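Visitor: sequence and predicted structure below; questions after.
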Amino acid sequence: MNKSFLIGVGILIMTSAFCLGSIYLMAKERAAAYEADSDPTRMPTSIETVSIETPTLIVSPKEHILEQIRQLAAEYEQAVQAEKVNGEVEFSTDQATGEQLFHFQGESYQRISTRMRQLDEQIFQLYQLYIQVYRDEINPTPFPTQSSPEQNQAYYDYLTEQSQNYCPTGELDLNEATVMIYDPDDGKYRPWIINDEIARCDVYGQMIEEWRTAPELAKVNKDEDMAAIRQVTGKPDLILTFQAIQGTANAPGRAAALYTDETGREYYVDIETARLVEMNPNLPSHPNIPANEKKSMDELRGVARQFASTNSPRLADLETVLLYEENCKGDICFFRWDYRNKDWTGTDWIMMPPFLQVGILANGQIVTYNNTLDLLE
């Protein structure tokens with residue numbers, strides 16, 4: 001009996017071990033299958049997969065321009081704050097508004113003023129780019145040409161009146177300022193507001209001006225104009241960009257094509273004669289020339305006369321009746337041949353008689369040029 005009992009127990013233990021082993025193997029196989037299915041590098045061939053792309057933040061060209069402006073303004077503001085700590089500064093209060101003001105003095109003022117002028121130029125260039133991007137987006141239709149001068153004038157008046165529908169009216173909300181820029185002359189911050197509303201106003205003004213100057217623009221030969229500028233300046237490789245048609249300030253009723261070089265220097269070429277009539281520098285208001293580079297007044301006078309004679313065919317014939325003047329303002333000197341001693345009553349020249357003027361830095365560099373003598377008919 002005992003022997004039979006022991007044999008039965010042995011069979012039961014073997015059966016249990018067999019069952020437990022089977023269960024273990026099944027569990028192991030399932031675990032392996034689960035791990036295989038969970039492997040991120042293994043993709044089942046029987047299931048179609050769908051890829052989900054991560055959204056990419058898209059920055060518009062205009063917003064990119066505004067961000068560049070904000071960055072430039074932030075760098076300028078760092079310079080202002082550093083100068084407040086380390087430079088010469090005076091604090092005051094605006095009696096009318098109670099606003100706290102601070103004015104830089106001496107070299108501190110010169111440093112911040114120079115930085116601000118540079119910043120203004122950079123922001124203006126970026127703003128012009130913003131306007132162009134806006135105009136490309138809306139792609140406005142040019143204004144139609146009218147059939148007579150009278151209709152042109154009436155249409156021009158109409159377009160001007162309509163500007164109120166395209167431009168902001170009333171005071172601008174300073175909360176909408178793109179950046180606030182410290183002005184060392186005022187001792188406080190002023191806003192630069194750049195948005196589509198401002199751009200729409202400027203584009204509308206551009207379109208009116210383009211429509212008005214279209215007949216004059218048709219007469220412009222840009223290649224010849226640029227060649228004339230390069231010849232006068234003696235810079236055959238000068239890079240020039242056409243900007244617009246503008247009236248000539250010193251010659252009433254005359255229009256000129258405006259060009260600029262890479263430094264922002266302006267050149268005006270008379271449309272009728274294709275002659276360079278004005279050249280303006282992009283210089284600090286008070287240029288400073290080192291003493292060892294300065295030339296004598298006789299040397300500067302000789303440079304001015306040579307330049308004027310070379311570029312004015314009429315100067316030699318008129319010189320005996322012209323009033324000659326020369327004067328210096330700091331390190332820039334002006335040499336002028338003026339026709340104002342003639343009676344110009346009844347002519348377009350009564351307010352501003354013809355003249356020729358050359359502006360030269362103390363080191364002999366020619367920086368300004370005005371010539372309306374050669375516009376006389």
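Guide: Nice, I can see it. Numbering: from 1, shown residues only.
Visitor: helices of the stretch 1-150 of the chain, residue ranges please.
Guide: 2-38, 61-86, 106-138, 149-162 (DSSP state H, counting those that start in this stretch).
Visitor: least confident of those, on average?
Guide: In terms of mean pLDDT, the lowest-scoring of the helices of the stretch 1-150 of the chain is helix 2-38 (a mean of 39).
Visitor: now Tyr324, nearest residue through space, not along the chain?
Guide: Trp337 (5.7 Å; Cβ to Cβ, 6 or more residues apart in numbering). For every residue, glycine as well, the C-beta is placed using N, CA and C.
Visitor: partner strands of the host helix or strand of the one you found, with direction?
Guide: Per DSSP states H and E, Trp337 falls inside strand 332-338. Sheet pairing of strand 332-338 (DSSP bridges) gives strand 323-329 (antiparallel), strand 355-361 (antiparallel).
Visitor: mind listing what the closest residue to Asp202 other than its chain neighbours touches?
Guide: Using Cβ to Cβ, 6+ apart and skipping residues adjacent in sequence, the residue nearest Asp202 is Ile131, 5.2 Å away. When contacts are counted by Cβ atoms under 8 Å, 6 or more residues apart in numbering, Ile131 touches 199, 202-203, 206.
Visitor: go on, Val367?
Guide: Neighbours of Val367 in contact, by Cβ under 8 Å, 6+ apart: 279, 281, 283, 332, 359-361.
Visitor: tally of neighbours for the closest residue to it other than its chain neighbours?
Guide: Ranked by Cβ to Cβ, 6+ apart and with sequence neighbours excluded, the top spatial neighbour of Val367 is Pro281, at 4.0 Å. By the criterion of other Cβ atoms under 10 Å, Pro281 has 18 neighbours.
Visitor: how about the one 10 residues further on?
Guide: Using other Cβ under 10 Å, Ala291 has 7 neighbouring residues.
Visitor: for it, give me phi and psi.
Guide: Main-chain dihedrals, Ala291, degrees, to the nearest 10: phi -60, psi -40.
Visitor: for Arg301, see how far away it is.
Guide: Applying Cβ to Cβ, to the nearest Å, the value for Ala291 to Arg301 is 19 Å.
Visitor: export stretch 365-376 as PDB, just CAs?
Guide: The C-alpha trace of stretch 365-376 is given here as PDB (Å, rounded to 0.1, in the frame of the first residue of the first chain):
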ATOM      1  CA  GLN A 365      37.600 115.600 -50.200                       C
ATOM      2  CA  ILE A 366      34.600 117.000 -52.200                       C
ATOM      3  CA  VAL A 367      31.400 116.200 -50.400                       C
ATOM      4  CA  THR A 368      28.700 118.500 -51.800                       C
ATOM      5  CA  TYR A 369      28.000 120.000 -55.200                       C
ATOM      6  CA  ASN A 370      25.200 122.200 -56.500                       C
ATOM      7  CA  ASN A 371      25.100 123.500 -60.100                       C
ATOM      8  CA  THR A 372      22.100 125.300 -61.600                       C
ATOM      9  CA  LEU A 373      24.200 127.600 -63.700                       C
ATOM     10  CA  ASP A 374      24.100 125.000 -66.500                       C
ATOM     11  CA  LEU A 375      20.300 124.800 -66.400                       C
ATOM     12  CA  LEU A 376      19.900 128.300 -67.900                       C
END
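Visitor: contact partners of stretch 184-200?
Guide: 62, 66, 69, 73, 92, 94, 99, 101-104, 109, 112-113, 116, 123, 127, 130-131, 134-135, 138, 166-168, 172, 174, 176-183.
Visitor: try stretch 96-116
Guide: 76, 79-80, 83-84, 87-94, 181-188, 284.
Visitor: try stretch 78-88
Guide: Stretch 78-88 is contacted from outside by 89, 102, 104-109, 111-112, 115, 182, using Cβ under 8 Å, 6+ apart.
Visitor: narrow those to those that are buried.
Guide: Listed as buried from these are 89, 104, 108-109, 111-112, 115, 182; burial here means 16 or more other Cβ atoms under 10 Å.
Visitor: so where's the stretch 151-300 of the chain shaky on pLDDT?
Guide: Scanning the stretch 151-300 of the chain for pLDDT under 70 picks out 172, 282-286.
Visitor: got the residue ranges for the strands in the stretch 201-350 of the chain?
Guide: Secondary structure of the stretch 201-350 of the chain by DSSP state E, counting those that start in this stretch: the strands cover 240-247, 255-261, 266-270, 276-280, 323-329, 332-338.
Visitor: from Ala316, how far out is Phe334?
Guide: Relative to Ala316, and taking Cβ to Cβ, Phe334 is found at 21 Å.
Visitor: just the helices in the stretch 201-350 of the chain please.
Guide: Using DSSP H, counting those that start in this stretch, helices in the stretch 201-350 of the chain cover 222-233, 297-311, 315-318.
Visitor: those helices: which one's closest to Phe242?
Guide: helix 222-233 (5.4 Å; Cβ to Cβ).
Visitor: which strands and helices lie in contact with the closest one?
Guide: On a contact count with 3 or more Cβ pairs under 8 Å, 6 or more residues apart in numbering; DSSP states H and E, helix 222-233 meets strand 240-247, strand 255-261, strand 266-270, strand 276-280.
Visitor: angle of the strand or helix carrying Val367 against strand 332-338?
Guide: Assigned by DSSP H and E, Val367 belongs to strand 366-371. Inter-element angle recorded for strand 366-371 and strand 332-338: 20 degrees (by axes from the mean of the first three to the mean of the last three Cα atoms, to 10 degrees).
Visitor: export the helices of the stretch 201-350 of the chain to TSV and tack on distance to Tyr324 and mean neighbour count?
Guide: What follows is those, written out as TSV (distance: least, Cβ to Cβ, whole Å; neighbours: other Cβ atoms under 10 Å):
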stretch	distance to Tyr324	mean neighbour count
helix 222-233	21	16
helix 297-311	10	16
helix 315-318	11	14
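Visitor: distance to Tyr158 for these - can I get that in CSV?
Guide: Formatted as CSV, the helices of the stretch 201-350 of the chain follow (distance: least, Cβ to Cβ, whole Å):
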stretch, distance to Tyr158
helix 222-233, 31
helix 297-311, 42
helix 315-318, 44
